[in-house]
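S.K.: Build me a structure from this.
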Amino acid sequence: MKLTHITLAALVFSSFFSQAEPAKRETIEQVLKATDAPAMLDYAYAQMEQMVQANRTNPDDALSQKQQREMQQLFRSEMSWSQLEEPIIAVYAQVFSEDEMQSILDFYQSPAGQKLVKRQPELVQQSMQMMQTLMQGMMPKIQAMAEKHAKERAAQSSQ
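M.R.: Numbering: from 1, shown residues only. Take a look at the predicted model:
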């Protein structure tokens with residue numbers, strides 16, 4: 001009887017310290033496929049490139065255009081899906097258990113999950129537009145703050 005109590009106590013105690021099974025590579029790969037991760041990365045780069053293009057001060061400057069193309073090529077080659085896939089899988093494996101990844105996969109394979117994947121670019125685009133609108137409203141405050149800091153810096157350097 002005493003041995004049973006000790007065994008039971010040991011099992012209960014060890015369950016507090018046991019961790020859930022880490023996410024399996026296969027499940028993570030299924031989630032990345034269900035979320036169309038490579039296409040989402042391409043979309044993110046395309047959005048970033050559009051933002052850079054839209055914010056260039058002189059869009060007709062040939063040197064600026066060349067530099068922008070080189071930067072885009074660097075990003076797309078050094079941070080391509082083939083470069084990022086393994087590190088992303090490792091991060092998912094560290095952050096999520098197998099049960100959690102399976103639940104995530106179940107969601108993304110559901111009609112609602114697939115709708116989210118398909119509508120994600122639209123959500124991102126509208127969110128970015130909303131943020132730009134908010135930033136435009138903040139610009140006078142940001143400019144005033146920059147002027148204040150410039151005056152403070154000038155006053156500090158004259159001392």
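
S.K.: List the contacts of stretch 51-71.
M.R.: 49, 128 (C-beta atoms under 8 Å, 6 or more residues apart in numbering). Every residue, glycine included, has its C-beta placed from N, CA and C.

S.K.: Show the end-to-end separation of that stretch, please.
M.R.: 14 Å (C-alpha to C-alpha, to the nearest Å).

S.K.: how about it: buried residues?
M.R.: Gln68 (16 or more other C-beta atoms under 10 Å).

S.K.: which secondary structure elements does the helix or strand Lys141 falls within contact?
M.R.: Lys141 belongs to helix 111-157 when elements are defined using DSSP states H and E. Applying 3 or more C-beta pairs under 8 Å, 6 or more residues apart in numbering; DSSP states H and E, one finds that helix 111-157 contacts helix 25-34, helix 37-55, helix 98-109.

S.K.: What ranges in this structure fall below the confidence cut-off?
M.R.: 1-19, 55-57, 59 (pLDDT under 70).

S.K.: about what we covered before: what angle separates the helix holding Lys141 from helix 25-34?
M.R.: Angle between the axes of helix 111-157 and helix 25-34 is 80 degrees (criterion: axes from the mean of the first three to the mean of the last three C-alpha atoms, to 10 degrees).

S.K.: how far does helix 111-157 sit from the chain's center?
M.R.: 17 Å (C-alpha atoms, centre = their mean, to the nearest Å).

S.K.: what angle sits between it and helix 98-109?
M.R.: 110 degrees.

S.K.: Could you check how far Gln114 is from Gln30?
M.R.: 13 Å (C-beta to C-beta, to the nearest Å).

S.K.: I meant to write Ala20 there.
M.R.: Per C-beta to C-beta, Ala20 is found 18 Å from Gln30.

S.K.: Ok, Gln132 next?
M.R.: 35 Å.

S.K.: out of those two, which sits in the busier spot?
M.R.: With neighbours defined as other C-beta atoms under 10 Å, Gln132 and Gln30 compare such that Gln30 has more, 17 against 13.
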